[in-house]
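*Asks:* Whatever this is, show me its structure:
(4 chains)
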2 protein chains.
Amino acid sequence: MPKKCNFIEKLREVGLRPTKQRVKMCEVLYNREKTFHFTINDLVKLLSEKMNQKISLATVYNTVHAFERKGYLKEISIDSHKSYFDTNTSAHHHFFDEDTHELIDCDESDIDKINIRKNITGKKINSVEVLVRVASDNQTQK
Amino acid sequence: MPKKCNFIEKLREVGLRPTKQRVKMCEVLYNREKTFHFTINDLVKLLSEKMNQKISLATVYNTVHAFERKGYLKEISIDSHKSYFDTNTSAHHHFFDEDTHELIDCDESDIDKINIRKNITGKKINSVEVLVRVASDNQTQK
DNA sequence: ATCTACATTATAATAATTCTAAACTGTTGA
DNA sequence: TCAACAGTTTAGAATTATTATAATGTAGAT
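*Replies:* Just a heads-up that it's a prediction; the model follows:
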């Protein structure tokens, strides 16, 4: 469990100034056992309610994006109305629970390596992401 | 190439009233050889510019969603700021060109069948989607 | 301690989407 | 054929997520 000073170090390492707000956000995001999936809204709530940190919405956006640029966070595309972020920045896949709107990580061992046979000329592959949508077994299907 | 009356039939079959606007939209969407990927914005432009159909933005949204509910269209999650739709409603994967923001279909043969070893108790798999992000070979990477 | 560049803030602006309420139009069945 | 109703369309307002702006604050180097 890293403590405050470690975050200050870490932030400095990637060239981000360890401001009060950024350190606080690190604590919320990385002081946990499992990886964390969240929307900006989730994060603002956590900061204001649990951490008692009054923080401007704009700062949360700016800082999340700064973290993303520096490889601290990864954005996940699931639905077109909200941005989801993931503290696990390694290449991995996801389950998305359509009932609860929860994201669940997929271990590498859960899905075989994806083999892509098609080539787009002049383009290289940046990433390959699998999204498995799940829902309650007894739910009406579209 | 289906003509107007076929669309009227088709709409009726799934329980949608064949209104002027819906038939026009069918013509734009399905009178083509290849499957078509688009945003709401693209569609509005096509309708107003190419088809000379003045149509309310709200109607386009309503109708696209009606089509989606009825299985005429599929939504694709790529980026969190716009909704992309696909006239190919069968299970298939995509390439997304990050330079041009273009979607390209993947044939079934392009990617091996995805084998998922993890189970979420009480949940069943609704869909498995692979998104392959590609970009120009000489582009700076994040 | 002071300076400067970068951060934060409140607020305004923008963009995508949804809502609303009134007007309109397929469809049904008398 | 036509009235009546339910489903549609429409313009515009409202909402939601996000980004821009401009003033103020602060970390870090000198």
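
*Asks:* DNA strand C contacts on chain A?
*Replies:* A:16-17, A:19-22, A:54-59, A:62-63, A:66, A:80-81 (C-beta under 7 Å from any atom of the strand). Every residue, glycine included, has its C-beta placed from N, CA and C.

*Asks:* centroid residue for chain A?
*Replies:* A:D86 (1.3 Å; C-alpha atoms, centre = their mean).

*Asks:* Can the longest helix belonging to chain A be said to contact chain B?
*Replies:* Counting residues, the longest helix found in chain A (DSSP state H) is helix A:57-69. Yes - contact of helix A:57-69 with chain B (C-beta under 8 Å from any C-beta of the partner chain) involves A:R69.

*Asks:* Show me what that helix is packed against.
*Replies:* helix A:20-30, helix A:40-45 (3 or more C-beta pairs under 8 Å, 6 or more residues apart in numbering or on different chains; DSSP states H and E).

*Asks:* who in chain A is up against DNA strand D?
*Replies:* Checking chain A against DNA strand D by C-beta under 7 Å from any atom of the strand, the hits are A:12, A:17-20, A:39-41, A:57-58, A:61, A:65, A:81-83.

*Asks:* Return the members of these classed as buried.
*Replies:* A:P18, A:T39, A:I40, A:S83 (16 or more other C-beta atoms under 10 Å in any protein chain shown).

*Asks:* now, which of those sits nearest chain B?
*Replies:* Nearest to chain B out of those is A:S83 (C-beta to the nearest C-beta; 4.1 Å).

*Asks:* got the CA positions of stretch A:12-30 in PDB?
*Replies:* Taking Å, rounded to 0.1, in the frame of the first residue of the first chain, the C-alpha atoms of stretch A:12-30 are listed here in PDB:
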ATOM      1  CA  ARG A  12       7.500  13.700 -10.100                       C
ATOM      2  CA  GLU A  13       8.900  10.800 -12.100                       C
ATOM      3  CA  VAL A  14       6.500  11.300 -15.000                       C
ATOM      4  CA  GLY A  15       6.900  15.000 -14.900                       C
ATOM      5  CA  LEU A  16       3.700  16.000 -13.200                       C
ATOM      6  CA  ARG A  17       3.800  18.400 -10.300                       C
ATOM      7  CA  PRO A  18       2.700  16.800  -7.100                       C
ATOM      8  CA  THR A  19       0.000  19.200  -6.200                       C
ATOM      9  CA  LYS A  20      -2.400  18.600  -3.300                       C
ATOM     10  CA  GLN A  21      -5.200  17.600  -5.700                       C
ATOM     11  CA  ARG A  22      -3.100  15.200  -7.700                       C
ATOM     12  CA  VAL A  23      -1.800  13.400  -4.600                       C
ATOM     13  CA  LYS A  24      -5.300  13.200  -3.200                       C
ATOM     14  CA  MET A  25      -6.500  11.700  -6.500                       C
ATOM     15  CA  CYS A  26      -3.600   9.200  -6.500                       C
ATOM     16  CA  GLU A  27      -4.700   8.100  -3.000                       C
ATOM     17  CA  VAL A  28      -8.200   7.500  -4.100                       C
ATOM     18  CA  LEU A  29      -7.200   5.700  -7.300                       C
ATOM     19  CA  TYR A  30      -4.200   3.600  -6.200                       C
END
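
*Asks:* got the contact list for that stretch?
*Replies:* By C-beta atoms under 8 Å, 6 or more residues apart in numbering or on different chains, the surrounding residues in contact with stretch A:12-30 are A:2, A:4, A:7-8, A:10-11, A:36, A:38, A:43, A:46-47, A:50-51, A:53, A:55, A:59-60, A:63-64, A:66-67, A:70-73, A:87.

*Asks:* Okay, and the beta partners of A:E129?
*Replies:* B:L131 (DSSP bridges).

*Asks:* How about the contacts made by it?
*Replies:* A:I76, A:S77, A:H93, A:H94, B:V130, B:L131, B:R133.

*Asks:* Let me see the ranges of the strands in chain A.
*Replies:* A:37-39, A:74-76, A:84-86, A:93-97, A:102-106, A:123-136 (DSSP state E).

*Asks:* Tabulate the ones you listed in JSON lines, adding columns for mean pLDDT.
*Replies:* Output for the strands of chain A, formatted as JSON lines (pLDDT from 0 to 100):
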{"stretch": "strand A:37-39", "mean pLDDT": "95"}
{"stretch": "strand A:74-76", "mean pLDDT": "93"}
{"stretch": "strand A:84-86", "mean pLDDT": "95"}
{"stretch": "strand A:93-97", "mean pLDDT": "93"}
{"stretch": "strand A:102-106", "mean pLDDT": "91"}
{"stretch": "strand A:123-136", "mean pLDDT": "92"}
